[in-house]
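*Asks:* Below are the sequence and a predicted model for it; my questions follow.
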Amino acid sequence: MSQPSGDPGQKTRTHSALQSDEYRDPVGPVRFDLTAAFGTKSEILIGRNPAGDIWLDHPAVSRTHASLRQGPDGSLVVRDLNSTHGITLDGKPVQGQAIWKPGMTLHLGPQALWLVEGKGLTVTNRQGSPNLVARGLTVRVPGREKSILDGVSFSFKPGQFICVLGPSGAGKSTLVRCMQGLLPACGGSLLFGGNPILSNPAILNGLIGYTPQQMSLHETLTVRQVVQFAAELRLPTDTSAGEIVTHVNGALAAMGVDHLCEQKIASLSGGERKRVELASELVVDPAILLVDEATSSLDPASEARVMEVLARTARQGKLVLCVTHHLDNISKADTLLILGEGKVVYLGPPGGACSHFGVEHLSDAFVRLEDEGADQWRQPEAETTPLLGASREMIQPNGPGYPRRSILSRMLETARQTGILTRRESASARSDLRYLFIITLMPTLFALIVAAGHWASNFSNTILLTRNLNAEEKSAFASFWPVIHEAAQGKVDPDDTLTLQAQMAYLLENKPAMRKNLASEDLDRIVRGAIEGTETIFPDKFIKNHLTTLKYLSVQMMGLSFMGMLLGLTLMVRDSDIFPRERSVGLSPLAYLLSKVSVLLLATGFQTLVFDGILEVFFQIRQGANGLEPVPAEYRIGFGPMLLVHWVATLGCACLGVVLGAVTRRPDRAIILLGAMMLPQLILGSALGLAAATLPKAVAFVTSPTYWGLRASQITPMEGGKVIIPVQLQVFGDSFIQSVPLALAGMAVQILLYLVLAWWLLRARPAKAG
């Protein structure tokens with residue numbers, strides 16, 4: 001890879017730290033003499049630390065990012081010092097250390113370093129060499145005849161403001177996705193500083209800022225909070241709190257929204273929101289800023305302000321690329337890139353576009369494109385790719401895929417992101433009074449509805465239990481029942497008047513109703529079943545009707561299930577537009593998911609406590625008002641264990657809601673899915689008894705938190721380890737959960753399964769541009 005050109009009289013530095021004014025020198029790159037540096041020390045430190053040997057004053061560079069040392073054979077070894085954005089050597093990420101040979105390019109975040117013969121080191125600034133080059137970039141969709149992008153070529157460098165125009169379907173958003181490294185190409189190359197982006201997107205770490213067409217901001221947060229959390233997520237882990245504040249203040253001031261920093265996003269105009277969104281990207285000082293339809297929903301004044309802000313940002317040394325449909329302010333751009341049917345039909349200054357198409361107004365050019373097709377206006381590749389001082393040797397083919405970072409590094413980064421996202425979720429919830437009101441109102445309202453429905457429920461109603469006949473009783477029934485049954489049926493000899501059967505028949509002649517009952521074949525089958533031991537008909541004792549308690553516990557559990565699923569579902573879809581954008585800049589799906597679970601742990605615990613607490617107090621009040629006793633203690637576990645079981649069951653349903661949110665992604669579909677999923681929970685987990693069969697029971701066992709929650713909350717009447725209620729009164733069959741730890745373990749497994757599924761869905765969802 002060739003060395004960037006610069007002023008022949010460029011400054012030369014030894015191992016002492018590079019000063020900020022030299023780094024920002026717009027004339028050209030800055031050079032170091034490594035030979036002199038190694039004369040005084042064995043290892044040279046590179047990073048953001050001013051006390052280091054080579055100071056790279058950029059927020060995306062870690063404080064101590066990498067080091068250089070000489071190998072035994074005189075080679076130069078570069079080592080990554082656990083930096084946040086890593087290092088790449090000729091576009092390939094360095095895992096641990098690698099040998100840096102002359103002619104190779106080292107990227108530390110957005111900073112490029114060239115090694116030349118004699119161990120001379122060159123550090124570029126934003127005015128150095130071309131940054132973004134496309135050569136014949138082609139993107140096709142399987143099954144589609146035409147290409148979305150067809151041989152797109154250009155060369156842009158820092159300091160340029162590019163407006164991308166074109167009819168709908170021209171490939172503008174596809175080009176943005178390619179620039180983010182999110183979409184593979186089937187032909188051509190897209191390179192940053194000569195390094196392939198499409199095969200090695202790791203080189204974009206800390207380099208790309210992106211704002212989508214649809215604004216994606218937490219409306220309940222303040223302007224400062226939005227930019228602050230963006231900075232914490234994307235800046236290196238060793239960035240101090242003071243440095244973060246400095247970068248946040250600088251980004252707010254650069255976008256002209258520093259006077260709005262304490263206002264909530266919901267109170268801002270469209271133009272102000274867009275500038276806040278830009279500030280959240282500029283806080284990491286990216287080399288390239290991609291803006292998709294920045295002014296699509298803005299009034300003319302706001303549009304003009306945003307376009308002026310973008311032009312000013314480009315003049316500060318960034319490459320700004322803006323996709324737009326509006327033509328009023330494109331004169332602020334340095335270059336127009338007009339696409340038609342995936343082809344470049346114009347690349348040049350705004351003033352030359354109308355003459356190129358032979359029209360008076362640029363809007364008429366799009367009419368000509370539709371009428372005449374893009375092929376007629378397609379520009380030759382030589383016209384679309386001026387190299388702007390770069391050599392053709394810088395352009396490389398796409399290389400092999402890049403290795404992943406170590407498991408420990410990814411775990412630490414996931415934990416860091418989880419903490420930041422959890423604080424953001426908590427701040428967003430605390431500042432949303434309406435959301436807090438609904439979270440509190442829901443369990444209160446549900447509890448009052450359940451209480452009203454059970455005001456007159458008598459949990460003391462009794463039922464008669466029966467038992468099997470003993471041996472003596474079976475013998476007696478076997479002797480007397482045939483006589484009685486045949487007498488009732490009239491099977492008596494008319495001349496017989498002395499036998500017991502005849503006397504019984506005589507007595508029954510005056511009692512036709514009794515005679516009819518005793519002659520019944522159904523009664524005969526029941527009595528014979530009792531004699532054989534297959535039926536229980538002998539009265540045993542009275543007990544409280546457990547079905548009344550079970551129905552109440554079922555209603556209670558279904559209320560908690562609905563609240564849990566609704567909470568998890570709404571928590572996922574409320575920021576469904578934010579996740580793809582943040583994932584495109586390195587957000588871990590696991591961190592995003594764990595932050596949701598952290599909030600759900602607290603929210604479900606609060607709702608369960610309110611819901612169960614109100615019902616517990618209600619039954620005490622009811623006892624004093626109408627004398628009806630509370631839920632029998634012999635049929636329900638204690639309040640403390642029940643609260644724990646209900647909390648975990650509600651959390652399990654909330655995690656199911658998270659899965660639904662990961663599937664639907666859109667609020668308008670969420671309610672439909674919620675209703676569809678409540679029916680299986682009602683069937684599998686309630687007291688309807690439909691999950692007693694083998695297959696439904698197995699499905700409920702694995703997928704339904706309400707199944708475990710209800711069965712762990714109730715206590716089934718048992719004696720000697722056996723269920724004492726008759727089969728016809730058994731709702732769940734003869735298999736019952738009497739162990740709270742077992743139920744908690746079962747629900748924990750379900751929660752884990754739901755989270756793994758949600759993580760897989762989030763991970764499979766592409767990070768999208770727009």
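*Replies:* Now that the structure is in, tell me what you want to look at.
*Asks:* what does the model give the nearest residue to Gln214 once chain neighbours are set aside for pLDDT?
*Replies:* Counting by CB to CB, 6 or more residues apart in numbering, Gln214 lies nearest to Asp577, which is 5.7 Å off, once chain neighbours are set aside. Every residue, glycine included, has its C-beta placed from N, CA and C. Looking at Asp577, its pLDDT reads 80.
*Asks:* Which residues are in contact with Asp577?
*Replies:* 212, 214, 216 (CB atoms under 8 Å, 6 or more residues apart in numbering).
*Asks:* Quickly note the distance from it to Ile288.
*Replies:* Counting by CB to CB, to the nearest Å, the gap between Asp577 and Ile288 amounts to 22 Å.
*Asks:* top helix in this structure by residue count?
*Replies:* In the chain, taking DSSP state H as the definition, the longest helix is helix 589-626.
*Asks:* buried residues in it?
*Replies:* Taking 16 or more other CB atoms under 10 Å as the neighbour-count basis, helix 589-626 is seen to contain the buried residues 589-600, 603-605, 607-608, 610-612, 614-615, 618-619, 622.
*Asks:* now for the following helix or strand past that helix, which elements pack on it?
*Replies:* Scanning forward in sequence from helix 589-626 by DSSP states H and E, the next helix or strand is helix 639-664. Counting by 3 or more CB pairs under 8 Å, 6 or more residues apart in numbering; DSSP states H and E, the packing neighbours recorded for helix 639-664 are helix 546-573, helix 589-626, helix 667-685, helix 705-713, helix 740-764.
*Asks:* Adding mean pLDDT and distance to His85, write those helices out as a markdown table.
*Replies:* Supplementary listing: the helices and strands packed on helix 639-664 in a markdown table, determined by pLDDT from 0 to 100; distance: least, CB to CB, whole Å:
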| stretch | mean pLDDT | distance to His85 |
| --- | --- | --- |
| helix 546-573 | 88 | 28 |
| helix 589-626 | 93 | 16 |
| helix 667-685 | 76 | 34 |
| helix 705-713 | 87 | 41 |
| helix 740-764 | 92 | 21 |
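*Asks:* quick one, which of those is nearest to Ala304?
*Replies:* Ranking these by distance to Ala304, with CB to CB as the measure, places helix 667-685 first at 32.7 Å.
*Asks:* Next secondary structure element downstream of that closest one?
*Replies:* If you walk from helix 667-685 toward the C-terminus, the next helix or strand you reach (DSSP H and E) is helix 694-703.
*Asks:* how about that next one: buried residues?
*Replies:* Within helix 694-703, judged by 16+ other CB under 10 Å, the buried ones are 696-697, 700, 703.
*Asks:* For Leu684, state which of those residues is nearest.
*Replies:* Nearest member of the buried residues of helix 694-703 to Leu684, counting by CB to CB, is Ala700, at 3.7 Å.
*Asks:* Pretty sure that closest one sits against Tyr707.
*Replies:* Yes - A contact is recorded between Ala700 and Tyr707 when judged using CB atoms under 8 Å, the distance being 3.9 Å.
*Asks:* Identify the residues contacting Arg665.
*Replies:* With contacts taken as CB under 8 Å, 6+ apart, Arg665 has the following neighbours: 573, 576, 765.
*Asks:* so how many other residues sit close to the first one?
*Replies:* By that I understand Val573. 21 (other CB atoms under 10 Å).
*Asks:* I'd say it and Val663 touch.
*Replies:* No - the pair Val573 / Val663 is not scored as a contact, 10.2 Å apart, by CB under 8 Å.
*Asks:* Give me the phi and psi for the residue nearest to Gln214.
*Replies:* Note on Asp577: backbone dihedrals following degrees, to the nearest 10 are phi -80, psi -20.
*Asks:* Gln70: how many residues sit nearby?
*Replies:* As a burial measure, Gln70 scores 15 neighbours (other CB under 10 Å).
*Asks:* Quick check, it in contact with Gly39.
*Replies:* No - Gln70 is not in contact with Gly39 according to CB under 8 Å; the separation is 10.8 Å.
*Asks:* mind checking how far the spatially closest residue to Leu81 that is not a sequence neighbour is from Leu594?
*Replies:* In space, and not counting its chain neighbours, Leu81 is closest to Thr64: 5.2 Å by CB to CB, 6+ apart. For Thr64, the distance to Leu594 under the criterion CB to CB works out to 28 Å.
*Asks:* Looking at stretch 254-272 now, give me its mean pLDDT.
*Replies:* Averaged across stretch 254-272, the pLDDT comes to 87.
*Asks:* what comes up buried for that stretch?
*Replies:* Burial within stretch 254-272, assessed by neighbour count using 16+ other CB under 10 Å, is assigned to 254-255, 257-258, 260-261, 264-265, 268, 270-272.
*Asks:* Mind telling me the two of those residues farthest from one another?
*Replies:* The farthest-apart pair in those, when distances are taken by CB to CB, is Ala254 and Lys264, at 21.2 Å.
*Asks:* coming back round to it: nearest to Leu319, out of the helices and strands packed on helix 639-664?
*Replies:* For the helices and strands packed on helix 639-664, proximity to Leu319 was assessed by CB to CB; helix 589-626 is nearest, at 29.0 Å.
*Asks:* and that closest one, what does it pack onto?
*Replies:* helix 407-430, helix 433-453, helix 546-573, helix 578-583, helix 639-664, helix 740-764.
*Asks:* will you turn the ones you listed into a markdown table that also has distance to Gly52?
*Replies:* Written out in a markdown table, the entries for the helices and strands packed on helix 589-626 read as follows (distance: least, CB to CB, whole Å):
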| stretch | distance to Gly52 |
| --- | --- |
| helix 407-430 | 21 |
| helix 433-453 | 46 |
| helix 546-573 | 43 |
| helix 578-583 | 30 |
| helix 639-664 | 43 |
| helix 740-764 | 37 |
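*Asks:* Flag the shaky bits of the stretch 301-450 of the chain, pLDDT-wise.
*Replies:* Scanning the stretch 301-450 of the chain with the threshold set as pLDDT under 70 gives 379-406.
*Asks:* In it, what residue spans correspond to strands?
*Replies:* For the stretch 301-450 of the chain, strands defined by DSSP state E, counting those that start in this stretch occupy the ranges 319-323, 335-340, 343-348.
*Asks:* Tabulate the CA atom coordinates of the last one in CSV.
*Replies:* Included here for strand 343-348 are C-alpha records, laid out as CSV according to Å, rounded to 0.1, in the frame of the first residue of the first chain:
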residue,chain,number,x,y,z
LYS,A,343,-26.2,3.2,-12.1
VAL,A,344,-24.2,6.5,-11.8
VAL,A,345,-25.8,8.9,-14.2
TYR,A,346,-24.1,12.0,-12.8
LEU,A,347,-21.1,12.7,-10.6
GLY,A,348,-20.0,16.3,-10.3
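*Asks:* List the buried residues in stretch 668-684.
*Replies:* By 16+ other CB under 10 Å, the buried positions in stretch 668-684 come out as 670, 673-674, 677-678, 680-684.
*Asks:* Let's verify the residue nearest to Leu81: helix, strand, or coil?
*Replies:* Thr64 falls in the coil class when you classify it by DSSP: H, G, I helix; E, B strand; the rest coil.
*Asks:* Roughly how far does it sit from Arg234?
*Replies:* Using CB to CB, we find Thr64 at a distance of 19 Å from Arg234.
*Asks:* ok, Glu277 - how many residues close by?
*Replies:* So Glu277, with other CB under 10 Å, has 24 neighbours.
*Asks:* Correction: the previous question concerned Gln95.
*Replies:* Using other CB under 10 Å, Gln95 has 15 neighbouring residues.
*Asks:* Just to check, it is in contact with Asp80?
*Replies:* Yes - in this structure, Gln95 is within contact of Asp80 by CB under 8 Å, at 7.5 Å.
*Asks:* Now do the contacts for Arg315.
*Replies:* For Arg315, counting by CB under 8 Å, 6+ apart, the contacting residues are 159, 161.
*Asks:* How much space separates it from Ala333?
*Replies:* With the distance defined as CB to CB, Arg315 ends up 12 Å from Ala333.
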